[in-house]
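Undergrad: Predicted model and sequence follow; I will ask about them next.
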Amino acid sequence: MIKKKTPKERRIILKHADNPGYSNKLDCYLKNDGYAMLKKAFKMKPEEIGEEVLKSGVRGRGGAGFPAGMKWKFLDRKSGKPIYLICNADESEPGTFKDRQIMHKDPHQLIEGMMIAAYAIQAKQAFIYIRAEFFEGARILEEAIAEAKAKNFCGDKILGSSYSCDLVVHRGAGAYICGEETGLIESLEGKRPNPRIKPPYFPAVLGLYQCPTIVNNVETLCNVKHILEMGGEEFSKIGKPNNTGTRIWCVSGQVQKPGYYEFECGALTLGEMIYDVCGGLLPGRTLKAVIPGGSSSKILRADERFSGKLKDGTEFDWGIDDIPLDFDGPTSAGSMSGSGGIIVMDDTVDMVEAMANINAFYAHESCGQCTPCREGSLWMKKITTRMCGGGARKEDADLLLSVANQIEGRTICAFGEAASWPTQSFIAKFRDEFEDKAQNGSTKPPLQLI
Amino acid sequence: MSTNGKSSMVTINLDGNDVEVPAGINLVEAAGIHGTEVPHYCYHPQLSVAGNCRMCLVEMGTPMRDRATGEAVLDENGVQKIGWIPKPIIGCGTNVSPGMHIKTKSPMVTDSREGIMEFLLVNHPLDCPICDQAGECRLQEFATDYGRGYSRYVERKNVKPKRTKLGPRVTLDDERCILCSRCIRFCQEVVDDDVLGFVDRGSFSTLTCFPGKELSNNYSLNTVDLCPVGALTSTDFRFKMRVWFLKESPSVCTESSAGSNILVSSREGEIHRITPRRNDSVNDSWMTDSGRELYKQVKSDNRLLSASVSGNSLNLSEAISSAIDLLKGKNVGIVGSCRSSVEEQYLLNKLSKNLKAKKFLRGHFGDDDGILLSADRSPNLRGNLVTGFSNKYPSDVLPELAQALEKKQIDALIVVGEELSESGVDLDDVNIPVIFLGTHQNKTSELSTVVIPTLTSFEKSGSFINRNFRLQSFKQSVPGPAGLLPDLHIIVSLINGLSEDADQSSDLASIWKQMSKSTTNPLHGIVYSKIPGDGIQLDGAKWDSLPFVEKKALHFSPLKQTQSA
């Protein structure tokens, strides 16, 4: 299906992806100036590229929003060990489906971005770690890499230079935790993807095979190509200060036109996204809540007011519709833009059931390495499942909140927060619905006769 | 923790008090040095840091510095401010740094511990009354010390495999497992036998053996000791005895020259199990499975329980008198033992000097496993060198004895424990009196004229010198069989009975007074009662040229006999 561009969209990453006749083949990519930036990169010094990326201010698109140029700076170049580049294509956050579009429709853009990045950090070997369920994406990428290798865009002596870097697609085995960078590294090493403790295992120092490693998201690596094209300075003018470049937002839930939309950071508000871009809610429905950055970000209630001071000192007082769609907007509203997965919920949604759904996901996906997340996520799932099954109790809301609080900040990786933030925010904002469940349901759990 | 020079110490603030701790150690160790317990499950001082149980969460702050200038940020009193990390951090995975502040008793820490304890128990069966770990269970201990004391869990608990045989000696109850991964890390890092792992994920994660493998290495029972809960239990020991009835005595393993430090657990004179005792210079916290079996020899069927002369049972003093009569005025040969204690070897040497006896010594050898089972399968070969009983390295045959017997150079023989037919000496046709001192029956004891039963190392006190030339003392754990006396008494009776002016005491303290007198002896200046629990390193340089058979192993390097690796 070819999507029509919505008025304010500014497509950089997905510039060609949905154009009629555009294919994921190399000849099509080359016709559209493909690999021109790789050629440009090889005329530059590696550290110059790093400087451009730092100047661009581009922030990681995987969820945490950490400046990519900074991440590259942390790389331990003195150790003498080989450096690795990994593309995190384990896109598994419920509500997010942007990287898949890039890989399916414009794989060479990712390969070009990766090879530029690999050259910039002087990586010995590059990997694309793709989630198990993206078998089609893996096939497309493998074909694209073969094409690129045949034309010397990656692999041995790239573009006739002395620099070589092989690129390999590695498929995951079906675990959300592999999106956590140290978990991903463990998995790539062939082990259980148990995230590593930090310190000491910061990937930039002790990453893959205990060597310095950079792990970047698909969208971030694609941006490297465009940063080189327009220069870091110019790129930083797209969007807003500290929120540079475009972002691909993935809208799902009860809107008329769910889908992915690429906008300059801060170019529009959440309200504009829902009502103008996505065609509004289904007929006769009203907005109840929005999860702005994938299922792990905190939920926003439709009738909430968000006020406070921005980083630059300006005061704000927003309704949910006024939240600017960039990195800092949802963060200022007490949530986060995460991986850009906007989940819209209307008044037909039972918040306890939505909670149960999210809890089931995190209980299923917890790796089980550290105690709070392993036991807490399943406990929360058991509580919400019981509540939905008619066994809700008055004290369950408090219990859920307390369990979530016992997880947050005490785990090895950020999965603890991912699992506890939804519960914390659901209870904080929809406590009445959790308590209603107890009044309308029975007061004690039903006996399961066996 | 090996260095304690001033320069390698750092000052940290522990719960409001400035204390000095060795640089580079982690917070669990640092707090422990100053008597503050930081509870932990997955952390073990001799394994890699996993950081997964989260029980050791503490609050940590470091002196604040301005990011731009690097200058110290001071408060209104001119004292450097402390930047507290908003989240608790793991004590096991965080090393001390100068000026670091740690809180182990703050509300955040207390709350973290309560939370972790609750999580660890939600899917735990709470079956302490029928659990063999009860009494030595970290879950029980920390639940009492750091838990809330009640449960808010009303859901169904997870069901996992029970009574799984992981190997010939270890039984697993997965429902009790808290997934700390100590056993997995032990097998990988210490034994290099990677057979354990987790399958499934989240709360359903389950410890198991890899398909087609089993936990059968000779160190498998260490996983039972390492397991902080009742998940891994010893198939041999489980349900035999409640641990709170057991008396623990420090001892030394006699399996090989490694000299693992052990604890002997007994109740009312009966030994029920042997577990390793931590010694960072010898065996860390480990020992072999085969070494744990040794206590069974105490009650074995072929144990010598009464003295006999020419096959007739007599009491001990009568047998000793007969032995003295048989030895008087003879050309005596003495076969010593690498399994005797240092003190026994010293006295035996004295006896042989008094009698101008010929001395013989055989070794016992096997394969070296590179960890704690060394090729020298006797605990005290080096004791013979240090006490002077022997000055050359023994082999496992005794051709010189066979020759001496053949040439009739010997007309009475004392044998300590050895089975001579195994070492190429045939006693069948030898027509001289043989005095046998030993704990167990063997072919030699059957052919001996006088058999004097002695005690096992569990029933007496003494010391051994291990492969590192480390002197380690062991204490009596259980009383010996009725009517028997320690080997020392027997040898002393022989010494005093065979020379008129002899007045040897069998008291350990006075024997040590004699042994430690010579300034040229490595034992110089040592007082038995002051030998520390982890032993004394002796200088064995004198014997460097001997062909010791031990290979490189845990805390042992053949090139440096005298130093721990």
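TA: Everything's here; your move.
Undergrad: in stretch B:101-110, what's buried?
TA: Applying a neighbour-count criterion of 16 or more other Cβ atoms under 10 Å in any protein chain shown, one finds B:101, B:102, B:103, B:104, B:108, B:109 buried in stretch B:101-110. Where C-beta positions appear, they are placed from N, C-alpha and C, glycine not excepted.
Undergrad: Go through those and say which is closest to chain A.
TA: Comparing the buried residues of stretch B:101-110 against chain A with Cβ to the nearest Cβ places residue B:108 closest, at 9.3 Å.
Undergrad: where does the closest one fall, helix, sheet strand or coil?
TA: The three-state label given to residue B:108 by DSSP: H, G, I helix; E, B strand; the rest coil is helix.
Undergrad: Let me know the distance separating it from residue A:366.
TA: 23 Å (Cβ to Cβ, to the nearest Å).
Undergrad: Run through the residues of chain B sitting next to chain A.
TA: B:49-55, B:57, B:86-88, B:90, B:93-94, B:111-112, B:115-116, B:118-120, B:122-123, B:152-156, B:158, B:178-179, B:197-198, B:200-205 (Cβ under 8 Å from any Cβ of the partner chain).
Undergrad: Might you list the low-confidence residue ranges for the stretch 351-500 of chain B?
TA: Scanning the stretch 351-500 of chain B for pLDDT under 70 picks out nothing.
Undergrad: ok, now with 90
TA: The model of the stretch 351-500 of chain B has pLDDT under 90 over residues B:426-431, B:499-500.
Undergrad: quick one: the strands in it?
TA: Applying DSSP state E, counting those that start in this stretch to the stretch 351-500 of chain B gives strands spanning B:358-360, B:412-416, B:434-438, B:450-453, B:462-465, B:470-474.
Undergrad: so can I have TSV of those showing mean neighbour count?
TA: TSV is the format used below for these (neighbours: other Cβ atoms under 10 Å in any protein chain shown):
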stretch	mean neighbour count
strand B:358-360	21
strand B:412-416	26
strand B:434-438	25
strand B:450-453	27
strand B:462-465	27
strand B:470-474	25
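Undergrad: would TSV of these with distance to residue A:221 be doable?
TA: Putting those into TSV (distance: least, Cβ to Cβ, whole Å) gives the following:
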stretch	distance to residue A:221
strand B:358-360	78
strand B:412-416	76
strand B:434-438	76
strand B:450-453	80
strand B:462-465	64
strand B:470-474	58
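Undergrad: and the most centrally placed residue in chain A, what is it in contact with?
TA: Central residue of chain A (Cα atoms, centre = their mean): residue A:339, 2.8 Å from the mean position. By Cβ atoms under 8 Å, 6 or more residues apart in numbering or on different chains, residue A:339 lies in contact with A:61, A:62, A:63, A:91, A:93, A:95, A:96, A:98, A:217, A:250, A:293, A:294.
Undergrad: Return the residues of the stretch 51-200 of chain A in contact with chain B.
TA: A:175, A:192, A:194, A:197, A:199, A:200.
Undergrad: Spit out the contact partners of the second one.
TA: Spelled out, it's residue A:192. A:186, A:367, B:197, B:198.
Undergrad: Test for you: state the pLDDT assigned to it.
TA: At residue A:192, the pLDDT value in this model is 94.
Undergrad: got it, and the last one?
TA: Among the per-residue scores, residue A:200 holds a pLDDT of 92.
Undergrad: Next, count neighbours for it.
TA: Applying other Cβ atoms under 10 Å in any protein chain shown, we find 12 residues neighbouring residue A:200.
Undergrad: Excluding chain neighbours, what is closest to it?
TA: Closest residue to residue A:200 apart from its sequence neighbours, by Cβ to Cβ, 6 or more residues apart in numbering or on different chains: residue A:206 at 6.1 Å.
Undergrad: so is the one you found in a helix, a strand, or just coil?
TA: coil.
Undergrad: how deep is it tucked in, by neighbour count?
TA: Residue A:206 has 21 nearby residues by other Cβ under 10 Å.
Undergrad: Could you point out which residue ranges in the chain have low pLDDT?
TA: This is for chain A. For chain A (pLDDT under 90), the answer is A:1-9, A:63-64, A:199, A:310-313, A:389-391, A:437-450.
Undergrad: if you could check chain B rather than the one you did, that'd help
TA: B:1-7, B:66-72, B:75-80, B:426-431, B:499-502, B:558-565.
Undergrad: what's residue A:25 sitting at in phi/psi?
TA: phi -90, psi 160 (degrees, to the nearest 10).
Undergrad: how much space between it and residue B:528?
TA: With Cβ to Cβ as the criterion, residue A:25 and residue B:528 are 86 Å apart.
Undergrad: So between those two, which is more surrounded?
TA: residue B:528 (22 against 15).
Undergrad: I'd guessed residue A:306 sits against residue A:321; true?
TA: No: using Cβ atoms under 8 Å as the test, residue A:306 is too far from residue A:321 to be in contact (10.8 Å).
Undergrad: can you tell me which residues contact the closest residue to residue B:280 other than its chain neighbours?
TA: For residue B:280, ignoring the flanking residues on the chain, the nearest one in space by Cβ to Cβ, 6+ apart is residue B:534 at 7.4 Å. Contacts for residue B:534 (Cβ under 8 Å, 6+ apart) come out as B:261, B:279, B:280, B:281, B:282, B:472.
Undergrad: Pull the contacting residues for the most centrally placed residue in chain B.
TA: Centroid-nearest residue in chain B: residue B:261, 1.9 Å away (criterion: Cα atoms, centre = their mean). Counting by Cβ under 8 Å, 6+ apart, residue B:261 touches B:250-253, B:276-279, B:282-283, B:472, B:533-535.
Undergrad: how much space between the nearest residue to residue A:156 once chain neighbours are set aside and residue A:304?
TA: In this structure, residue A:156 finds its nearest non-sequential neighbour in residue A:164, 4.8 Å apart by Cβ to Cβ, 6+ apart. Residue A:164 is 54 Å from residue A:304, where distance means Cβ to Cβ.
Undergrad: Settle it for me: which of these two has more neighbours?
TA: Between residue A:164 and residue A:304, counted using other Cβ under 10 Å, the more crowded position is residue A:304 (16 against 13).
Undergrad: how deep is the closest residue in space to that one that isn't next to it in sequence tucked in, by neighbour count?
TA: Excluding its sequence neighbours, the residue lying closest to residue A:304 (Cβ to Cβ, 6+ apart) is residue A:320, at 6.2 Å. Other residues near residue A:320 number 21, with proximity taken as other Cβ under 10 Å.
Undergrad: Could you double-check that residue A:320 lies in contact with residue A:287?
TA: Yes: the criterion here is Cβ under 8 Å, and residue A:320 meets it with residue A:287 at 7.2 Å.
Undergrad: which residues are common contacts for these two?
TA: residue A:302.
Undergrad: circling back: can you classify the residue nearest to residue B:280 by secondary structure?
TA: coil.
Undergrad: Tell me the spatial nearest neighbour of residue A:321, not counting adjacent residues.
TA: residue A:271 (2.6 Å).
Undergrad: burial measure for the one you found, as a count.
TA: Around residue A:271 there are 17 residues (other Cβ under 10 Å).
Undergrad: can I see the domain layout of chain B?
TA: B:6-105, B:125-240, B:307-462+B:480-508 (automatic domain parsing).
Undergrad: between the ones you listed, which gets nearest to residue A:213?
TA: Nearest to residue A:213 among these is domain B:6-105 (19.7 Å), distances taken as Cβ to Cβ.
Undergrad: what's the closest of the contacts of residue A:192 to residue B:395?
TA: residue B:197 (44.3 Å).
Undergrad: Under a three-state scheme, what state does that closest one occupy?
TA: With three-state DSSP as the criterion, residue B:197 reads strand.
Undergrad: by contact count, what packs against the lengthiest strand in chain A?
TA: With secondary structure taken from DSSP state E, chain A has its longest strand at strand A:246-253. In this structure, strand A:246-253 makes packing contacts with strand A:259-264, strand A:341-346, judged by 3 or more Cβ pairs under 8 Å, 6 or more residues apart in numbering or on different chains; DSSP states H and E.
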